[in-house]
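**Q** Sequence first, predicted model second:
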Amino acid sequence: QVQLVESGGGVVQPGGSLRLSCAASGFTFRNYGMNWVRQAPGKGLEWVAVISYDDGSLQYYADSVKGRFTISRDNSKSTVYLQMNTLRPEDTAVYYCAKGVAVAGTLNWFDPWGQGTLVTVSS
Amino acid sequence: DIRMTQSPSSLSASVGDRVTITCRASQGISTYLAWYQQKPGKVPKLLIYGASTLQSGVPSRFSGSRSGTDFTLTISGLQPEDVATYYCQKYNSAPLTFGGGTKVEIK
């Protein structure tokens, strides 16, 4: 079955960097767009970024992270990454990886979601 | 950017009640709307996509509809296991914005 496993979360100081990974299995990874979504403690869902299927030549970002975060993918490892730089306290959240549904699509709904990894930005 | 406004932000209803949650898009998004359910401490789960298509395995008491830029998630006969926060999400264009969420509780 489809499985998404995030890793790389932790505690980082403001201004620091962190790279999240999401290892996928159970489907042909290169055929699907992949997303990152975050949820601050006690708050709602916030979409962060999407990368297109295949070569990942298209990426889109939320305004709140544009210029600081970079999404990328390695199809040989069935893994999507989120490089987070210049982190701020307001970036503190659980970060979920989510698979786009449509084959050869980029912008679509998500299913399934990973279990999430917690990022805490604090001094 | 298109804004997604969900209402109410919370509601309390009795078991068996019909519950309606609304999501309004600030511009037209056709039927590019999904609904998710997030139970306490759990990962979000897809309920509906294309505004009204029920995801496989989701109970038939859940339904979705569209009227212009207004979208509705209906639970026909609330069950205790439906206690959760529900989110709408648009996916016609980036950013793939979520609504603010509606917390559903049992009275």
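**A** Structure received.
**Q** Can you pull the residues of chain B lying near chain A?
**A** B:1, B:34, B:36, B:38, B:43-46, B:49, B:55, B:85, B:87, B:89, B:91-101 (CB under 8 Å from any CB of the partner chain). Placement of C-beta: from N, CA and C, glycine included.
**Q** would you list every one of the strands in chain A?
**A** All strands of chain A, identified by DSSP state E, fall at A:3-7, A:10-12, A:18-25, A:34-39, A:45-51, A:59-61, A:69-74, A:79-84, A:93-100, A:110-113, A:117-121.
**Q** Adding mean pLDDT and mean neighbour count, write those out as CSV.
**A** Formatted as CSV, those follow (pLDDT from 0 to 100; neighbours: other CB atoms under 10 Å in any protein chain shown):
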stretch, mean pLDDT, mean neighbour count
strand A:3-7, 98, 17
strand A:10-12, 98, 14
strand A:18-25, 98, 18
strand A:34-39, 98, 25
strand A:45-51, 98, 24
strand A:59-61, 97, 19
strand A:69-74, 98, 18
strand A:79-84, 98, 22
strand A:93-100, 98, 24
strand A:110-113, 97, 21
strand A:117-121, 98, 18
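**Q** Kindly give a single PyMOL line that selects the buried subset of the residues of chain B next to chain A.
**A** To isolate the buried members of the residues of chain B next to chain A in PyMOL, using 16 or more other CB atoms under 10 Å in any protein chain shown:
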select buried, chain B and resi 34+36+38+43+44+45+46+49+55+85+87+89+91+92+94+95+96+97+98+99+100+101
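**Q** Just the residues of chain B next to chain A: which are in helices?
**A** Judged by DSSP state H, helices contain none of these.
**Q** what's the pLDDT at residue 15?
**A** Because you didn't say which chain, this covers chain A. Note for A:G15: predicted pLDDT of 98.
**Q** that's the other chain; I wanted chain B
**A** Note for B:V15: predicted pLDDT of 98.
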